[in-house]
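Participant: Below is the structure, and that's it, no one-letter string:
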């Protein structure tokens, strides 16, 4: 079965301290890899979709990249409002109506 | 464009009762998926509906069921509630052939 592993489980950063979150995946045929942001008590908010190795997408302080086995979410000069749980999910070509989610990385950015 | 709407936002039920949750997808989206989110298990897929038909199902007991109406609205039902069913239930909608799924705010179910 498809699997998604995210690391670290939790990350504490000082404001302005850049870092990366990792999402490694095992899927028979990747249809898409997705990044979501989730604030406490709320539903996940869509950030990016990546489809093929080498692809990159950016939004404000966030940049997502994809290789054949993993994806990184780079956070440049984070601010306290970037604090949230970041979720990674994959779809495979054989079963694209279903997302497989990782357990998430809880990011805390201190001012 | 309105987002995905889930009702109610919060529910408290007693063990053994049954519950129905509702989800209205983004206008024009015909695929609706349901997920259970708990601190220990993360987001787990329940089932997905498209044009009133269940296309995919996760590994949950038969107490969990759903349906979709002709206007794409979906309901999820859990019968004979157990304490372990306490969770945030999330609904997501996507367009036909689309890849991105957009989530609602969820229904927080507490079973006491």
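Facilitator: Now that the structure is in, tell me what you want to look at. Keep in mind that this is a model prediction, so the values were computed, not measured.

Participant: Wait, a strand at residue B:72?
Facilitator: No: with DSSP: H, G, I helix; E, B strand; the rest coil as the criterion, residue B:72 is coil rather than part of a strand.

Participant: near chain B, which residues of chain A?
Facilitator: A:31-32, A:34, A:36, A:41-46, A:49, A:51, A:87, A:89, A:91, A:95-104 (Cβ under 8 Å from any Cβ of the partner chain). For the C-beta atoms, the positions are set from N, CA and C on the backbone; glycine is no exception.

Participant: could you redo the last one with a cut-off of 6 Å?
Facilitator: A:32, A:42-44, A:46, A:49, A:97-98, A:101, A:103 (Cβ under 6 Å from any Cβ of the partner chain).

Participant: Using PyMOL, make a named selection holding only the buried ones among those residues.
Facilitator: In PyMOL, this line selects whichever of the residues of chain A next to chain B come out buried by 16 or more other Cβ atoms under 10 Å in any protein chain shown:
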select buried, chain A and resi 32+43+44+49+97+98+101+103
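
Participant: Nearest spatial neighbour of residue 93, chain-adjacent residues omitted?
Facilitator: You didn't pick a chain, so chain A it is. residue A:29 (3.8 Å; Cβ to Cβ, 6 or more residues apart in numbering or on different chains).

Participant: my question was about chain B
Facilitator: residue B:25 (3.2 Å).

Participant: Could you do residue A:3 as well?
Facilitator: Closest to residue A:3 by Cβ to Cβ, 6+ apart is residue A:26, at 4.5 Å.

Participant: roughly how far apart are the one you found and chain B?
Facilitator: From residue A:26 across to chain B, the span is 16 Å (Cβ to the nearest Cβ, to the nearest Å).

Participant: just residue A:93 next, same as before
Facilitator: From residue A:93 to chain B the distance is 11 Å (Cβ to the nearest Cβ).

Participant: so that residue touches residue A:31, yeah?
Facilitator: Yes: Residue A:93 is within contact range of residue A:31, at 4.8 Å (criterion: Cβ atoms under 6 Å).

Participant: From the neighbour counts alone, determine which of the two ranks first.
Facilitator: Each of residue A:93 and residue A:31 has its neighbours counted (other Cβ atoms under 10 Å in any protein chain shown); residue A:31 has more, 15 against 11.

Participant: Next, count neighbours for residue 80.
Facilitator: All of this is about chain A. Residue A:80, neighbours per other Cβ under 10 Å, totals 11.

Participant: Hmm, no, I was thinking of chain B.
Facilitator: The burial count for residue B:80: 11, using other Cβ under 10 Å.

Participant: Many thanks, have a good one.
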